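A.B. asks: Sequence and predicted structure below; questions after.
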Amino acid sequence: MKTKAQLEFQQTWRGSLSDYVTAIAWSPNSHFLAACSAAGELVLISLSGFQSTLLQSETGYSVDCLAFSHDGQFLAIGGQDGQVKIWSLQSGVPELITTLENKSVWVDCLCWNPTKHEIAFSLGKYVQVWDADTQDVVATLNFEASTVLDLDWRRDGKYLALAGYQGARIWNANDWDAEEEALDVPSATVAIAWSPDNQFIAEGNLDSTLSVMEWGNPAPWLMQGFPGKVRQLAWSEVPTNIGVAMLASCSGSAVVVWERDRDERIGWASRILGNHQGVVQAITFQPNSLLLASAAEDGWVALWHRGSRLIQSLTGASNGFSCLTWHPQGHQLAAGGLDGELLVWSEASRGRGFGGR
Amino acid sequence: MVAADIPSSVPVTVLTGYLGAGKTTLLNRILTHEHGKKVAVIVNEFGEVGIDNQLVIDADEEIFEMNNGCICCTVRGDLIRIIGNLMKRRNKFDHLVIETTGLADPAPVIQTFFMDEDVRSQASLDAVVTVVDAKHIHQHWDADEAIEQLAFADVILLNKTDLVTPTELDELEQRIRSMNAMAKIYRTQDAQVEMDSILGVGAFDLSRALEIDPNFLGEDAHEHDETVGSVAIAEPSAMNFDKLNAWLSELLRTQGTDIFRMKGILNIAGEDQRFVFQGVHMLMDGRADRPWKPNETRKNELVFIGRNLDEARLKEGFRACLA
């Protein structure tokens, strides 16, 4: 296996926006790559020939979040202007179909239901769930404790988790009026992520801790010893050999990878990937393997074989990287930079892969 | 891997004071003065901020208590979120002004700048400026917030001086001075003050000189009719660093809740450099500073501002740390 761990990814495209790339995403049907900036731009890049279309030019208001619907038919953005804009990509030509205006509030995060055309977005202390087909509000949720800092749908679309001060609260998407479940933490949760098998939910916290809860088990695991706030989380799509997804977390310049152990007394075994020298801003697993990519403000994107061994370092944003996304088939990786850089790397020879698991 | 350039830190002015004291007037003066510069303003009370091209962010104060409500671990969640978002832009901002409501405790704002790793690395506190309505402050002496806003201040504007007599003003200034021996006090009408007095003050810059009102230092007996007051210690002799460190740690552990702010310059035995420190409640930040100059008189100067401070005990505790 080790002989395969050689330089595999090469830069195949480079573009730019005028300021900090706040978010980047590949559409699930792999037709498009989208990126937005702190200057308010939104660019849609067609993957046949890397043709760029500027869906929104500079506005002066940062676009802070962006997401494709599960089938790639819709693209939504939100940001400092308080608007949520939705484009339909059904005809192949992007068409702006919805602009939701909200006064004096920033839309900090948004997330599509993984099973249907419903999108949840934050409006300060509230989250609104909007149906892009019927063009109607499905639900308005009140988080109460603070502004919503992150949100995530369970993969089956049955639950929506909101994070903020004092932890997370989980709403039942089949009964929005039902009492929500609280996952309390003694500080604030800044990042939340469901595992792909719907079994676990992880919370990255402001007090330098990580909590992991098994669905249905009231006692969460609490992981401590991080150098700072736990700002990002990523679960692997494929499980490890004991059948549980791998969990990556980042804090300061450290990436910490957690693997469920057979031994209950160990619970989750961790290892620190300490090569970065700047704040790690994004982490994400290759969709079909345990290859982990991390992007940091030190100007490096690092690739970690099985979430442990550094096998390649990619550069191209000298002042640092801010975000990352894998192609749905995993043979391409895209990243955005602090100065507006957009980069795509492709696997040099397709099909060799990294040996799967 | 190459270390990125050290990002330039944006100065932050915190504006406190009761509704109607003149905060919005002062804010508009700052914005007019900073014409041509990019100023971001975070407001908690939506006043009439009437300047174009400046980013005004209306936010609710979100107090995040961490660590079981420990007072020094209380920060402002809204500021962490907003500052993190604003600082992504390449040409960022030249200046950030945070206006708090009249009912706000200034401590969590200041502590956010000590505690949060992102806020700390991207922005630096310049000064806490408190605007006081010289005529109506008397209605608020019973309110903790009014007292705390004075106790935490680096600069105090006694505003609306035209509405009170000179005698009343003298009494007011004396009363405020007994609470806060460190702040610069200016008498104003319509919040008219030289901008250099409130911007670029560097009150949280450790290498700036500590300024204690000489009159305060000179007086032997202060009339402490307030529970909130200042204790200043001036002592020329060299100190034992280890003893001092142990004393300060113990002091903050046991009385940190009641100590609002402290600042000091220390003359440490065997060291050629000054040692400087400052603190907010239990959070302390200190380091070796520049060397003492050859013709400079080496000395210790400390100020504590807090509630129910025992002056005699503080002085005794400090002197027990002499080398």
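C.D. replies: Here it is on my side, so go on.
A.B. asks: Give me the number of neighbouring residues for the residue of the stretch 51-200 of chain A found nearest chain B.
C.D. replies: In the stretch 51-200 of chain A, the residue that lies nearest chain B is residue A:187 (4.0 Å; C-beta to the nearest C-beta). Every residue, glycine included, has its C-beta placed from N, CA and C. For residue A:187, the number of neighbouring residues by other C-beta atoms under 10 Å in any protein chain shown comes to 22.
A.B. asks: for the record, mean pLDDT for the helix or strand where it lies?
C.D. replies: In this assignment (DSSP states H and E), residue A:187 forms part of strand A:181-194. Strand A:181-194 carries an average pLDDT of 96.
A.B. asks: Enumerate every residue touching the residue of the stretch 51-200 of chain A closest to chain B.
C.D. replies: Going by C-beta atoms under 8 Å, 6 or more residues apart in numbering or on different chains, residue A:187 touches A:166, A:205-207, A:209, B:64, B:66-67.
A.B. asks: hmm, 10 Å instead?
C.D. replies: A:165-167, A:205-209, A:229, B:64-68, B:73, B:75, B:77 (C-beta atoms under 10 Å, 6 or more residues apart in numbering or on different chains).
A.B. asks: Grab the nearest non-local neighbour of residue B:63.
C.D. replies: Nearest residue to residue B:63, sequence neighbours excluded (C-beta to C-beta, 6 or more residues apart in numbering or on different chains): residue B:108, at 5.7 Å.
A.B. asks: Quote the end-to-end distance of stretch B:171-185.
C.D. replies: The first residue of stretch B:171-185 is 13 Å away from its last residue (C-alpha to C-alpha, to the nearest Å).
A.B. asks: Next, residue B:202: phi, psi?
C.D. replies: phi 60, psi 30 (degrees, to the nearest 10).
A.B. asks: Now for residue B:277, how many residues are close by?
C.D. replies: Counted by other C-beta under 10 Å, the residues lying close to residue B:277 total 19.
A.B. asks: If you could redo that for residue B:37, that was the one I meant.
C.D. replies: When neighbours are counted by other C-beta under 10 Å, residue B:37 comes out with 11.
A.B. asks: what about residue A:208, which helix or strand?
C.D. replies: Applying DSSP H and E, one finds residue A:208 in no helix or strand.
A.B. asks: what pLDDT does the nearest residue to it once chain neighbours are set aside get?
C.D. replies: Closest residue to residue A:208 apart from its sequence neighbours, by C-beta to C-beta, 6+ apart: residue A:226 at 4.3 Å. Note for residue A:226: predicted pLDDT of 96.
A.B. asks: In helices, which of the contacts of residue A:187 appear?
C.D. replies: With DSSP state H as the criterion, helices contain residue B:77 from among the contacts of residue A:187.
A.B. asks: Is stretch A:45-59 in proximity to chain B?
C.D. replies: No: if you take C-beta under 10 Å from any C-beta of the partner chain as the test, stretch A:45-59 misses chain B, and the best it gets is 11.3 Å.
A.B. asks: Buried residues of that stretch, list them for me.
C.D. replies: Residues of stretch A:45-59 classed as buried: A:45, A:47, A:55-56, A:59 (neighbour count, 16 or more other C-beta atoms under 10 Å in any protein chain shown).
A.B. asks: With stretch A:154-168 instead?
C.D. replies: Neighbour-count burial for stretch A:154-168, counted by 16+ other C-beta under 10 Å, picks out A:154-155, A:157, A:159-168.
A.B. asks: Same question for stretch A:184-196.
C.D. replies: Applying 16+ other C-beta under 10 Å to stretch A:184-196 flags A:185-196 as buried.
A.B. asks: and the stretch 51-200 of chain B, which residues reach chain A?
C.D. replies: So the stretch 51-200 of chain B meets chain A at B:53, B:55-60, B:62-69, B:73, B:75, B:77-78, B:80-82, B:84-92, B:115-118, B:121 (C-beta under 10 Å from any C-beta).
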